[in-house]
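Colleague: All I have is the shape, not the residue letters:
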């Protein structure tokens, strides 16, 4: 190989630079997201664990139930009724999107497009 | 055994014919007759039987044009009420316009009716038009993603999450009652009158009148009907319920529908 003395160190430097972000953050998961829970309410429509993993499934089901099946009867938990709706249900308690939704969505790099159509509860008009 | 090419081809040909023909022959023998083509009935039969047999709930509307003619400002009140409740944007130009309910002259509303020496009071009256919530909706058939669908109660509704913006439904709707969001509608909605209970739409989806599904769920009347107050200009209800107000109105008055000959079975009726 011609110029091997230059090419091989050059390649090593290149690979080291390209993989630098991986080396640097190795074993470090970053700050754990801490979504702010609504005050004065202790129970959501499902268990915490279920909501963590499957809240999108609930939203999906609620949307189909409300729109397609015409079932808009509120979900009742501990005597409190919640609308089957993102805007009129969930966001009535979880008032701040930035402190609740975004915490985990930013951490996991998920970009749901709910807010293209739905309103933020504290949107500044 | 030695088979010549000629023999082989003969046997192959005969077995093919037997293979294709046997099931068909069996079907004929078993059923006694060939089944009628059910697909053909959708278009031709519609005009003869005009309205399908009443089964289940079928929500509809009667627009009393006599009241709108007597009260010229009322139509605009209905339009404003609807567009405010549903966060319909105002782009300020007809090219991008989003319309759920709007006024058109007689000849545009009822294109299949004769205009020759038309009655004088029709010359300057304009008709409120909106989605007909057809009993046989062509838009639903055209939608490739089932974003638009017919509910149990007869409302032709839309799920904007599923709409991919192909606009097949716009091409399929013979009434032109659907609008496409060419631009992001958010900045063009009047901020002072935002309805925070109802979402907006996004760029690239089709939208139309939903018969105020979200208000009906709360036990309210559609926004346009409510805007008419007790003038009786618009009557909303179940067309199939013999005791409903709307059926009384339909029985007592002569009504017309838009393009009835197409067989879409519109659920919106007009008293001229």
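Modeller: Sure, I can see it. Since this is a predicted model, take the numbers as computed values, not measurements.

Colleague: now what about stretch A:49-58, what contacts it?
Modeller: Stretch A:49-58 is touched from outside by A:44, A:45, A:46, A:112, with contacts defined as Cβ atoms under 8 Å, 6 or more residues apart in numbering or on different chains. The C-beta positions use only the backbone N, C-alpha and C, and glycine is treated the same way.

Colleague: and the gap between the second one and residue A:79?
Modeller: Distance from residue A:45 to residue A:79, counting by Cβ to Cβ, to the nearest Å: 13 Å.

Colleague: For these two, indicate the residue with more neighbours.
Modeller: residue A:45 (17 against 5; other Cβ atoms under 10 Å in any protein chain shown).

Colleague: need the residues of chain A near chain B, please.
Modeller: A:63-64, A:66-70, A:72, A:87-88, A:113, A:116-119, A:125 (Cβ under 8 Å from any Cβ of the partner chain).

Colleague: Tell me which residues touch the residue lying closest to residue B:160 once chain neighbours are set aside, please.
Modeller: Sequence neighbours aside, residue B:205 is the residue nearest to residue B:160 in space, at 5.0 Å (criterion: Cβ to Cβ, 6 or more residues apart in numbering or on different chains). Contacts of residue B:205 were listed using Cβ under 8 Å, 6+ apart, and they are B:160, B:163, B:165, B:180, B:181.

Colleague: Chain A versus residue B:239, what's the distance?
Modeller: As judged by Cβ to the nearest Cβ, to the nearest Å, residue B:239 and chain A stand 17 Å apart.

Colleague: Give me the neighbour count for that residue.
Modeller: Other residues close to residue B:239 by other Cβ under 10 Å number 20.

Colleague: Which of the helices or strands spans the nearest residue to it once chain neighbours are set aside?
Modeller: Nearest residue to residue B:239, sequence neighbours excluded (Cβ to Cβ, 6+ apart): residue B:60, at 4.1 Å. Using DSSP states H and E, residue B:60 sits within strand B:59-64.

Colleague: Can you point out the buried residues in that strand?
Modeller: B:59, B:60, B:61, B:62, B:63, B:64 (16 or more other Cβ atoms under 10 Å in any protein chain shown).

Colleague: what do you get for stretch B:69-77?
Modeller: B:69, B:74, B:75.

Colleague: dump the residue contacts of the first one.
Modeller: When contacts are counted by Cβ under 8 Å, 6+ apart, residue B:69 is found next to B:121, B:125.

Colleague: Now do the buried residues in stretch A:100-110.
Modeller: A:100, A:101, A:103, A:105.

Colleague: ok so, going back, determine which two of the buried residues of strand B:59-64 are furthest apart.
Modeller: The distance between the two most remote of the buried residues of strand B:59-64 (Cβ to Cβ) is 17.5 Å, for B:59 and B:64.

Colleague: The longest helix seen in chain B - what's its average pLDDT?
Modeller: In chain B, taking DSSP state H as the definition, the longest helix is helix B:5-31. For helix B:5-31, mean pLDDT is 86.

Colleague: Equivalent analysis for stretch B:161-178, please.
Modeller: pLDDT averaged over stretch B:161-178 gives 96.

Colleague: can you count the residues close to residue 112?
Modeller: Chain wasn't specified; assuming chain A. 10.

Colleague: You answered for a different chain; I wanted chain B.
Modeller: By other Cβ under 10 Å, neighbour count at residue B:112 equals 12.

Colleague: ok, now residue B:117?
Modeller: When neighbours are counted by other Cβ under 10 Å, residue B:117 comes out with 6.

Colleague: Next, the contact list for it, please.
Modeller: No contacts exist for residue B:117 under Cβ under 8 Å, 6+ apart.

Colleague: next one: residue B:8
Modeller: Applying Cβ under 8 Å, 6+ apart, no residues qualify as near residue B:8.

Colleague: Walk me through the regions of the stretch 51-200 of chain B where pLDDT falls short of the threshold, as ranges.
Modeller: The stretch 51-200 of chain B contains residues with pLDDT under 70 at B:51-53.

Colleague: Could you list the contact residues of it toward chain A?
Modeller: So the stretch 51-200 of chain B meets chain A at B:149, B:151-153, B:157, B:159-161, B:191, B:194, B:196-197, B:199-200 (Cβ under 8 Å from any Cβ).

Colleague: Quickly find the element holding the spatially most central residue of chain A.
Modeller: Note on chain A: the residue nearest the mean C-alpha position is residue A:105, at 2.8 Å, using Cα atoms, centre = their mean. In this structure, residue A:105 sits in helix A:101-107 according to DSSP H and E.

Colleague: avg pLDDT for that helix?
Modeller: On average, helix A:101-107 scores 91.

Colleague: ok, of the contacts of stretch A:49-58, which one's closest to residue B:216?
Modeller: So of those, ranked by how close each gets to residue B:216 (Cβ to Cβ), first place is residue A:45, at 24.0 Å.

Colleague: all strands for chain A, in order.
Modeller: Assigned by DSSP state E, the strands in chain A fall at A:75-77, A:80-82.

Colleague: and residue B:30, which of these is closest to it?
Modeller: strand A:75-77 (51.7 Å).

Colleague: Which neighbouring elements make contact with the closest one?
Modeller: strand A:80-82 (3 or more Cβ pairs under 8 Å, 6 or more residues apart in numbering or on different chains; DSSP states H and E).

Colleague: Thanks a lot, catch you later.
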